[in-house]
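*Asks:* no sequence on this one, just coordinates:
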């Protein structure tokens, strides 16, 4: 097999499908040249296979002869010879890997110039300045990339030359100065490397190709691939292409063009053009570009040709394309094309519109695969309109979306001012359940402490309200905050971006928060695709959240955290009474009152989710979360003393204090220590079910036991739940493992359409490993992947995410933040194990995911592969999850 | 196959090997009767198979006829008929499972008595009182066990009868009173059950047998089996045996006898005898027994016969036997024998002596299997001499052994008083590094807070000093403690037992703490057996601990926790300077000084372990452990304010505070955040190695990286260590996975006999799952099963062990405390996985265990099975681990 392929080579397959061999750039150049017959400057691609062979055992014997042959063909086509003293051919040498690695790989332009050919170029173009400017650019680029000399060293002589010539910009440097500069640069190369700058164009070419191969293994390229999970063994192709010059004269120019508007998705060409310029000038932004439409006046024929090319590219690639082109003395050349990047709005609009455009006619599955979760996320939340801004500090982006408002430092003040119609950002060192009215009133929340699972983060995400948390540089005081010497006072305006974590002084313009109509269309297609394969539910704890989740497309609640019902102002005293109870009777009284309150909450949730399944997780957190902070009470004790009631609370808080609450007495463990608790909760739930049935509703409930680690815990907890079901006339028939729900019918006695099922979270490594035994008494599993990740890694999310995670990602000690995207090697193995073992006992077992990973597209793909039945995520992630689930189903089919 | 076997039945195998079928008691009775020809009252065994069949599907058709036939044979042998009105045969019906379940199963005596046969018995024995006393005993026993009537109800009429007769003890009740009592009891049965007391002896027999079968599934028997891990499906056998009466006259009696002293192991019969009495009377302790030797005067022939039987039993069972016997009118009957229970001292002595006794001639492996870890533990530490005592409260037995001393409540006072020669118990609510001089001076330590891994527990175990921790009932004040209303003041004497956790008021006599010479002999045999198969190392952090561990037989250090070197009075200020450092230079200075201190520590440790491997774990705990408690500082701030230095410490403590330190920034994570730390430690270690080499020593070191969860962490940490090795001239050749150490030779440059190896702890589920990748850069794994258990279960040992664990064990939610005995289902699967995957990458990988499980015999058996190379435990557990390891090797061979 050959190493070298001309752009016009007739391959067996379309070159655009051969990116493995030709790299992305080379494949698309060949597609344009050989398939579409577009005007592409001739050249050839040295394959990725050559790179792989060079990396493993140096240049193969046949490589150089093939390159020489390729170059001869190119010389023949162009009618010029590389380095010719009269009329030299110049080439570019560019990398081109299978996957784009922007800015990571090397390029050498103007190759073929030397002391003789520069004169030929000057003669041929009649432009000596152009020739010497090209030569000095080549020497600088080659010396940096191929010879490894530092950029600064190479820039210095040019700066000196410009000073000597008394000019400021590069383009003003006169021809003579450039000639002297070339001499200076060559001298510098000799001094630095001990060898003269290579004059032999063949040597230049070989060294440049070798350097481009070598750039594949540069540390920054490696780091980039590690981060982006690009296979290290792929290698890069190298494209050698005849140079064309947009900077030859006023009949020349260069531009970038998109076949549609990448910002809005609107049909029609979009781009920038610069007269008499090279590609770098467009990118550098030093000159003001003209819109592409200006071409139609300046070069009407070329404009027409370009528009026709755009149409052909779209029809051929069946997508919006991003192109680079150059006009050299009135002739159009296509330098590159690829499928273009786009905003969320544009992605949605194009995907939907292209389904009904006859020239493209995407299928719905194709359209679905064109849009990413990030695209959907973008259109669901307002964002900063791009532009200059002063970032005061950066925290953790804890809840996506951007917000602007005046700073207030207490929940009461924030609520009061917001009540007067003011937009408010609530700023706190951290939030607690006592701050929720202020959070609700605010546009966004900023805290200086806490991680992505802190109170502020969880509550804000639940409400889809922008939040930046754990901004350690921010020091929060009573009515101001400072970042270093800079102070922001109550009433000052700031803007926050809950995606990037940026905190900006003053008002930043925001994008619209109204999702485009295309979203609705696309998600409806997504729902068709995943129907019966992968469900999407929401994590919701209140009737309002449930209603919101349903509006966003949730097909049930995968996680209703009953503890959130305990934190209300009216509930907390009851919870404390229960904890402090001196006698069983006193405890029973408190539980009874709590149960009544929970009952009302459940009625609202079941009403909002009528006809859809609601998974209710019984109480999970450790009791001290319901008690005040021990340290605050200790300080108060020291300062003013505590009264009797306070002292009781203090003692209880101290007694329930835990060293590692994440691994402490919570979940089913707490229920074992306080056995009446779960019965109360189930009673409240079933009362709500009865109420809903009486009102003609169709409640569907699933009772979930948290933190089970042994089969015996599950059996015991099941017996509590069944006890209450029996007591309330909902029947007690346990669905035994393997019986596929046959006995479940008993439980319909209470008038339910579907039986109440009892299951557990799988959120510890042991539960996953022992899933086969636990499944005997569990009718469903829901993977609590947050805790499972914490325990599998031994990472406390609160502790490691702020101080450690960024360092770990930077050093490549982790490829991904495992709290955002599931760790398929470790945590994922446990998930797969539990799926397999759970279904071994109970083939029909229902499996869900209710950790934050349930809303992450990459994780959803993993879960689909692993065989779960549904994912559950926060309400505002539901649209993303609907799309990602459909994509996962489509990819599995493929 | 038959269900019923006479004791004299000729089986194909020795009956003593048929406990599966005959149960323990039945097998040994048959052995004595059919093989040894000893005088056993005739009878038969109904097999465990019958029980299993009855449990699964009721009485099989052939069972009753077989029992009737067995009874006919017994009647023929005895020449009397069951329930005969003239000369009745009486029988006992006793359970007898494969494994002894003391007190769990039921027995019925004197069966066959009814209103007619009681008269025959009276006539035959000429003792009406005896006959009616036997009858009333039978009615009471049968009614309770077979008819399920409550004990209290059945005792009441007898109490009434004695009051009516004006007597106090049972034996004084006259014949007439007993006759009336029999009538009253029968009436009571009729009233309670609605049926008369059964008069048909066949019906009595069938019901008694059925009740004994049924007692197998009683809740308490089930709970016992669950605790002792006895298979639920085994079932029990039932033994029906002719009654003999030691209470017939003064030529009768009963006794229990051991073939050697079960307390000391001394050769020669040992036991108790009671004239004219039944077995219950010996057990009840209501009459003072005579020593067995008294028999030699009273019944010289019988004594001689018994001694000869003892000799035969020992020779036959090849072990010390425990027997029950009865003399009826001058004739000796053997009622039971089994291998006898024994103290630790006795077990050791007998095991060793029986190897050289020609009649028994145990092999060394047999001797090793005769001794348990508990036996060894007993002789290593003093214990309470058995007897009456007032237990004030019970805490967690945190460090075995008993101690007596006067209470002191501060480390300074304890050290001062101990310096004057007083024995002291240090009592604190909890201990900290500032208390260690007091702990060192004390006989034992008592704390009211903290669990089995608290500071007090860990330090005390390391020193082999008795400690009771977490005694929640104990309220500790400045110079006293109270338990409820009872106060113990400074100087009062208490005794504590660090095995049982008992706290006793006053002085309790203690056993000797000098291990018997047999221990040394036995452990030497153990070492021979396990040589090259399973090593035993110690966890030791100081030169003194290392020397002690070596004295106790450790073959190296499996875990040297370098952080313990940081807690010294002279070190803590340095550690704090390092944490508080405002600049890299300041930090480097502090690290340098710390390094110098560690260097000296390492020299001492390497000297003590010269020639043996020392695994040095680099710093593991989170930094806040080196800082004072945040709450104390907050309170001080509120009370008196903080000075500048204190405020800096306070802020650092607050900043390094973690929500879940177990899952926080510690181990290699800390080293990533503070990268100079590990280099400093390795430099200090290698300086010590150089010093030892210069003094002619043979240091062997293994550098262990804690808390690794990714391959990349391991690579990075390895590069740090190798950097220091190279810098110090110890070579840098990495032993690559699979190369089996070939390149390791490079590292001998420094003059080492064995290369420095670099490995990691496997202490998170992810590390276990990803062992194959981590092994690429790790030359050894050491399982940190404490943390692995914490994370696999999600159990914080500090938090769950006190409040939750006992409840979980009681309810059967856990079969074992997984921190004491490894959880083979969950944690064990991870260990097996890591062993297999680690060796897949590196077949020669060295594997150890350094969690507390390394000293637990049952866990050691698991580790041997899993294929580890050594276990490491606290120095005082080394002898137990040596024995347990040898046993594990022997059992694997079998």
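*Replies:* Received, thanks. All values reported here derive from a predicted model rather than from experimental measurement.

*Asks:* residue contacts, residue A:353?
*Replies:* A:265, A:267, A:518 (CB atoms under 8 Å, 6 or more residues apart in numbering or on different chains). (Glycine included, C-beta is placed from N, CA and C.)

*Asks:* next structured bit after the helix or strand containing residue A:831?
*Replies:* Element membership for residue A:831 (DSSP states H and E) is helix A:827-841. Sequence-wise, the next helix or strand downstream of helix A:827-841 (DSSP H and E) is strand A:846-849.

*Asks:* what residues of that following strand count as buried?
*Replies:* Neighbour counts using 16 or more other CB atoms under 10 Å in any protein chain shown place A:846, A:847, A:848, A:849 of strand A:846-849 among the buried residues.

*Asks:* what about the residue nearest the centre of chain A, which helix or strand?
*Replies:* Nearest to the geometric centre of chain A sits residue A:374, at 5.9 Å (CA atoms, centre = their mean). According to DSSP H and E, residue A:374 maps onto helix A:373-380.

*Asks:* surely residue A:653 and residue A:630 touch.
*Replies:* Yes. Using CB atoms under 8 Å, residue A:653 makes contact with residue A:630 at a distance of 5.0 Å.

*Asks:* let me know how buried the residue nearest to residue A:62 when sequence neighbours are not counted is, in neighbour terms.
*Replies:* The shortest distance from residue A:62 to any non-neighbouring residue, by CB to CB, 6 or more residues apart in numbering or on different chains, is to residue A:3 (6.9 Å). Using other CB atoms under 10 Å in any protein chain shown, residue A:3 has 25 neighbouring residues.

*Asks:* quick one, strands of the stretch 451-600 of chain A?
*Replies:* A:467-469, A:474-476, A:480-483, A:486-489, A:493-497, A:502-505, A:535-539, A:557-561 (DSSP state E, counting those that start in this stretch).

*Asks:* residues contacting the nearest residue to residue A:231 once chain neighbours are set aside?
*Replies:* Leaving aside its chain neighbours, residue A:231 sits nearest to residue A:225 (7.6 Å; criterion: CB to CB, 6+ apart). Neighbour list for residue A:225: A:101, A:231, A:232 [criterion: CB under 8 Å, 6+ apart].

*Asks:* now residue A:225: which helix or strand?
*Replies:* Going by DSSP H and E, residue A:225 is in helix A:219-228.

*Asks:* quick check: buried residues in that helix?
*Replies:* Judged by neighbour count (16+ other CB under 10 Å), helix A:219-228 contains these buried residues: A:221, A:224, A:225.

*Asks:* where's the residue nearest to residue A:231 relative to residue A:98, distance?
*Replies:* From residue A:225 across to residue A:98, the span is 11 Å (CB to CB, to the nearest Å).

*Asks:* go on, residue A:790?
*Replies:* Between residue A:790 and residue A:98 the distance is 36 Å, computed by CB to CB.

*Asks:* repeat for residue A:560
*Replies:* The spacing between residue A:560 and residue A:98, counted by CB to CB, is 46 Å.

*Asks:* how far away is the closest residue to residue A:629 other than its chain neighbours from residue A:99?
*Replies:* Distances taken as CB to CB, 6+ apart place residue A:653 nearest to residue A:629, at 7.5 Å, with adjacent residues excluded. From residue A:653 across to residue A:99, the span is 54 Å (CB to CB).

*Asks:* next secondary structure element downstream of the helix or strand bottoming out on mean pLDDT in chain A?
*Replies:* Using mean pLDDT, DSSP states H and E, helix A:279-284 stands out as the lowest-scoring helix or strand of chain A, at a mean of 70. Downstream of helix A:279-284, the first helix or strand assigned by DSSP H and E is strand A:290-291.

*Asks:* longest single helix anywhere in chain A?
*Replies:* helix A:584-608 (DSSP state H).

*Asks:* let me see the mean pLDDT of that helix.
*Replies:* For helix A:584-608, the mean per-residue pLDDT is 93.

*Asks:* buried residues in it?
*Replies:* Those would be A:587, A:590-591, A:593-595, A:597-599, A:601-603, A:605-608, for helix A:584-608 by 16+ other CB under 10 Å.

*Asks:* closest to chain B among those residues?
*Replies:* Here the nearest of the buried residues of helix A:584-608 to chain B, counting by CB to the nearest CB, is residue A:587; it sits at 16.6 Å.

*Asks:* ok, the closest one - contacts?
*Replies:* A:578, A:581, A:674, A:676.

*Asks:* go ahead and confirm the second one touches residue A:590.
*Replies:* Spelled out, it's residue A:581. Yes. Under the criterion of CB under 8 Å, residue A:581 makes contact with residue A:590 at 6.0 Å.

*Asks:* okay, residue A:653 and residue A:630: which has more neighbours?
*Replies:* residue A:653 (22 against 16).

*Asks:* for the residue nearest to residue A:62, give its distance to residue A:238.
*Replies:* 10 Å.

*Asks:* what of residue A:758?
*Replies:* Taking CB to CB, one finds residue A:758 at 63 Å from residue A:238.

*Asks:* then residue A:384?
*Replies:* 39 Å.

*Asks:* which one of the two has more residues nearby?
*Replies:* Neighbour totals were compared for residue A:384 and residue A:238, and residue A:238 leads with 32 against 19 (other CB under 10 Å).

*Asks:* state the distance from residue A:690 to residue B:460.
*Replies:* Counting by CB to CB, the gap from residue A:690 to residue B:460 is 57 Å.

*Asks:* looking only at neighbour counts, state which of the two leads.
*Replies:* Neighbour count, other CB under 10 Å: between residue A:690 and residue B:460, residue B:460 has more, with 28 against 19.

*Asks:* look up how far residue A:801 lies from whichever residue of the stretch 201-350 of chain A sits closest to chain B.
*Replies:* Of all residues in the stretch 201-350 of chain A, residue A:226 sits closest to chain B, at 9.0 Å by CB to the nearest CB. Relative to residue A:801, residue A:226 is positioned 21 Å away (CB to CB).

*Asks:* sketch out the low-pLDDT regions of the stretch 551-700 of chain A for me.
*Replies:* Counting by pLDDT under 70, the stretch 551-700 of chain A contains no low-confidence range.

*Asks:* give me that answer again for 80
*Replies:* Per-residue confidence for the stretch 551-700 of chain A (pLDDT under 80) gives these ranges: A:564-565, A:567-569.

*Asks:* circling back: the residue nearest to residue A:62 contacts residue A:59, correct?
*Replies:* No. The criterion here is CB under 8 Å, and residue A:3 misses it with residue A:59 at 10.1 Å.

*Asks:* remind me what the host helix or strand of residue A:800 packs against, helices and strands.
*Replies:* Per DSSP H and E, residue A:800 falls inside helix A:797-803. Under the contact definition 3 or more CB pairs under 8 Å, 6 or more residues apart in numbering or on different chains; DSSP states H and E, helix A:797-803 sits against helix A:785-793.

*Asks:* at 10 Å instead, please
*Replies:* The contact analysis (3 or more CB pairs under 10 Å, 6 or more residues apart in numbering or on different chains; DSSP states H and E) places helix A:797-803 against helix A:785-793, helix A:805-810, helix B:644-656, helix B:668-673.

*Asks:* count of neighbours near residue A:729?
*Replies:* Neighbour count of residue A:729, defined by other CB under 10 Å: 12.

*Asks:* could you confirm it falls within a strand?
*Replies:* No. Residue A:729: not assigned to a strand; according to DSSP: H, G, I helix; E, B strand; the rest coil it is coil.

*Asks:* just the closest residue of the stretch 1-150 of chain A to chain B, please.
*Replies:* For the stretch 1-150 of chain A, CB to the nearest CB, closest residue to chain B: residue A:56, 18.6 Å.

*Asks:* that residue against residue A:233, yeah?
*Replies:* Yes. Applying CB atoms under 10 Å, one finds residue A:56 in contact with residue A:233, separated by 9.3 Å.

*Asks:* with that, I have no additional questions.
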